[in-house]
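K.L.:
With the input below, show me the fold.
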Amino acid sequence: MIESSALGRDRLSSFFAAFDVVAEQAQLDTANLVMLGQAGEPQALIFLPHVDGPMRFDGDVLAAVRIDFGGPANPLIAALPGRVDLALESAPAMQAVARILVTEASARRCGRQVALDNLCKLLLLLLLRHLIDQGTTRPGLLAGLSHPQLFPALTAMQETPARDWRIDHLAVIAGMSRTRFMTLFPQVVGVTPMAYLAGWRMVLARRELERGGRVKLVARRIGYGSAAAFSRAYQRAFGEPPVARRKSRQGEGALAVTSR
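P.N.:
Residues are numbered from 1 along each chain as shown. Sure, this is the predicted structure:
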């Protein structure tokens, strides 16, 4: 049965499954996330998701971190504004995590890096959740994930990209007529549903190839009936055949092994 409500739809899990979160303590000239406060108590957070260069801010820095969540290859990160400023008093759960992160960052205890990795991942998840809940008036993925009727259709495509999706099915999931869905989706998300699905499939394909996936298996996993059809779509999207990406990543892995 086709699900017609938002129940059970998770707007963030598919992104965390597709992209790894890499975090490390950083100097201010390389950090893209800082926590500001007084007397060890974090009061504000600044995040520059896809802007390089030193941050500019007022206040005492309690912790500075460099977080990578796939960069511009991750459509969710690409959809975020260039700078996010958040007063933590408006987000008590984030403030609690930030407080623990500041404590771990300033100490030299066993398991410190594991703690920092997981705290940064949780802080990023909470921040993304906050931004989705807050919503935006700009067309794009963030607006789509914030929309109470469209986000179930978006997450359905993200969770099961290999399914033979039809507009009628997606409209039912969104609880709209076909005409209303086809009109509203591009207005809010900025592209048609099928264009979004095709783009998401290519995002997943590239990640699978980078992780060593075989072209035939990747094609099947994202919904292509043949490796040839997949290769043509991949070539159009990235300007190179999928086998080139796979060989490139394999070569980088071999270089890393021989240089140790």
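K.L.:
From residue 91, how far off is the closest residue to residue 216 other than its chain neighbours?
P.N.:
Nearest residue to residue 216 in three dimensions, chain neighbours excluded: residue 227, at 4.7 Å (Cβ to Cβ, 6 or more residues apart in numbering). Bear in mind the C-beta positions are built from the backbone N, C-alpha and C, glycine included. Residue 227 sits at a distance of 46 Å from residue 91 (criterion: Cβ to Cβ, to the nearest Å).
K.L.:
rewinding a little: counting neighbours, what do you get for the residue nearest to residue 216?
P.N.:
Neighbour count for residue 227, taken as other Cβ atoms under 10 Å: 18.
K.L.:
Give me the distance between it and residue 161.
P.N.:
Distance from residue 227 to residue 161, by Cβ to Cβ: 16 Å.
K.L.:
The residue nearest to residue 216 touches residue 215, doesn't it?
P.N.:
Yes - contact criterion Cβ atoms under 8 Å: residue 227 and residue 215 qualify, at 5.3 Å.
K.L.:
This protein: strands as residue ranges?
P.N.:
22-25, 33-38, 41-47, 61-68, 84-87 (DSSP state E).
K.L.:
Of those strands, which is nearest residue 102?
P.N.:
strand 61-68 (4.6 Å; Cβ to Cβ).
K.L.:
The closest one pairs with which strands, parallel or anti?
P.N.:
Its sheet considered, strand 61-68 pairs with strand 22-25 (antiparallel), strand 33-38 (antiparallel) by DSSP bridges.
K.L.:
My guess is residue 221 contacts residue 160. True?
P.N.:
No - at 10.7 Å, residue 221 does not count as touching residue 160 under the criterion of Cβ under 8 Å.
K.L.:
the more surrounded of those two?
P.N.:
Neighbours per residue (other Cβ under 10 Å) separate residue 221 from residue 160, with residue 221 holding more: 16 against 11.
K.L.:
who are the neighbours in contact with residue 227?
P.N.:
With contact taken as Cβ atoms under 8 Å, 6 or more residues apart in numbering, residue 227 is in contact with 215-216, 219.
K.L.:
Narrow these to just the buried residues.
P.N.:
215, 219 (16 or more other Cβ atoms under 10 Å).
K.L.:
got CSV for the contacts of residue 227, with distance to residue 49 and pLDDT too?
P.N.:
Shown next, in CSV, are the contacts of residue 227 (distance: Cβ to Cβ, whole Å; pLDDT from 0 to 100):
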residue, distance to residue 49, pLDDT
215, 31, 94
216, 34, 94
219, 31, 95
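K.L.:
what about residue 169, how many neighbours?
P.N.:
Neighbours of residue 169 under the rule other Cβ under 10 Å: 16.
K.L.:
From residue 178, how far off is it?
P.N.:
10 Å.
K.L.:
returning to that earlier point: how about the strands paired with strand 61-68, which one is nearest residue 206?
P.N.:
strand 22-25 (17.0 Å).
K.L.:
How far off centre is the closest one?
P.N.:
Distance, stretch centre to chain centre, for strand 22-25: 16 Å (Cα atoms, centre = their mean, to the nearest Å).
K.L.:
buried residues in it?
P.N.:
Neighbour-count burial for strand 22-25 [16+ other Cβ under 10 Å]: residue 23.
K.L.:
contact partners of it?
P.N.:
Under Cβ under 8 Å, 6+ apart, the answer for strand 22-25 is 63-69, 105, 116-117, 120-121, 124.
K.L.:
Need these in JSON lines (columns: neighbour count and pLDDT).
P.N.:
Shown next, in JSON lines, are the contacts of strand 22-25 (neighbours: other Cβ atoms under 10 Å; pLDDT from 0 to 100):
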{"residue": "63", "neighbour count": "24", "pLDDT": "92"}
{"residue": "64", "neighbour count": "19", "pLDDT": "91"}
{"residue": "65", "neighbour count": "22", "pLDDT": "91"}
{"residue": "66", "neighbour count": "15", "pLDDT": "91"}
{"residue": "67", "neighbour count": "21", "pLDDT": "92"}
{"residue": "68", "neighbour count": "15", "pLDDT": "92"}
{"residue": "69", "neighbour count": "23", "pLDDT": "93"}
{"residue": "105", "neighbour count": "18", "pLDDT": "85"}
{"residue": "116", "neighbour count": "19", "pLDDT": "89"}
{"residue": "117", "neighbour count": "14", "pLDDT": "90"}
{"residue": "120", "neighbour count": "25", "pLDDT": "93"}
{"residue": "121", "neighbour count": "17", "pLDDT": "94"}
{"residue": "124", "neighbour count": "22", "pLDDT": "95"}
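K.L.:
I am finished for the moment; much appreciated.
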